[in-house]
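Chemist: need a 3D model of the following:
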Amino acid sequence: MQQLTTAPKLTTSRLILRGPERADLPAFTRFMTSAPSMVAQGETGTEQQAWFGFLAGVGHWHWHGFGFFIVVEQQTGLPVGRVGLIKHSDWPEIELAWHLFEGAEGKGFATEAALAVRAWAVDMLKLDRLYSYIDQSNTRSQAVAKRLGAQTDGTRAPHEPEAEIWVHPMG
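Modeler: Model (predicted):
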């Protein structure tokens, strides 16, 4: 398969984190257009928006040297979400973010993958701080952030007024 990014391959006890591949687009599109978690937050998009979002994810790797990893469950070989680092042009800091596909929630995959990405960010990218921008009503993502040891004082993200800034421990 043609590599779309320079993403390394990270492994955990249950997961493989790798760069996005063309074959991942259908699962990502389903997530973006119809996943219950996206519907509940009012954040679904069109197939075209999903395509642009997927390409933006690929572009992150080329522009920044980091981006979203596709999270694959080792047991099934199926993609279960994406976890990684993002920084859009108008964002103040690098975000550690996670999105699980339908049916993958509640299994600890987001926490497990985010711990691996955070360790990679420290060891390989030498980052000394990471943030997560989490909508104030997104209690599931807040729970993941808490399991990762992140904390918030309720301060809002300047680029996303409904999102609180969560600061991750780095070390």
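
Chemist: my read is that Asp135 contacts Glu162, right?
Modeler: Yes. Using C-beta atoms under 8 Å, Asp135 makes contact with Glu162 at a distance of 5.1 Å. Backbone N, C-alpha and C define where each C-beta goes, glycine included.

Chemist: the helix of greatest length in the chain: which residues count as buried?
Modeler: The single longest helix within the chain, with elements called by DSSP state H, is helix 47-64. For helix 47-64, a neighbour-count test (16 or more other C-beta atoms under 10 Å) marks Ala50, Phe54, Gly57, Val58, His60, Trp61 as buried.

Chemist: neighbour count winner among Asp135 and Glu162?
Modeler: Of the pair Asp135 and Glu162, Asp135 is the one with more neighbours under other C-beta atoms under 10 Å, namely 16 against 13.

Chemist: from the contact counts, what lies against the longest helix of the chain?
Modeler: helix 25-34, strand 79-86 (3 or more C-beta pairs under 8 Å, 6 or more residues apart in numbering; DSSP states H and E).

Chemist: following it, which helix or strand comes up?
Modeler: Using DSSP states H and E, the helix or strand that follows helix 47-64 in sequence is strand 68-73.

Chemist: pairing partners for that next one, with directions?
Modeler: When pairing is defined by DSSP bridges, strand 68-73 lines up against strand 15-18 (antiparallel), strand 79-86 (antiparallel).

Chemist: tell me the average confidence for it?
Modeler: Mean per-residue pLDDT for strand 68-73: 96.

Chemist: what sits against Leu127?
Modeler: Ile94, Ala121, Met170 (C-beta atoms under 8 Å, 6 or more residues apart in numbering).

Chemist: what separates it from Pro158, distance-wise?
Modeler: To Pro158, Leu127 is 20 Å away according to C-beta to C-beta, to the nearest Å.

Chemist: then Ser141?
Modeler: From Ser141 to Pro158 the distance is 19 Å (C-beta to C-beta).

Chemist: the two - which one has more neighbours?
Modeler: Summary of the neighbour comparison: Ser141 and Pro158, criterion other C-beta under 10 Å, with Ser141 having more neighbours (22 against 12).

Chemist: need the three-state assignment for that one.
Modeler: With DSSP: H, G, I helix; E, B strand; the rest coil as the basis, Ser141 sits in helix.

Chemist: and it, what's its pLDDT?
Modeler: pLDDT, read off for Ser141, is 94.

Chemist: related to what we said a few turns ago, which one of the strands paired with strand 68-73 lies closest to Ala116?
Modeler: strand 15-18 (6.0 Å; C-beta to C-beta).
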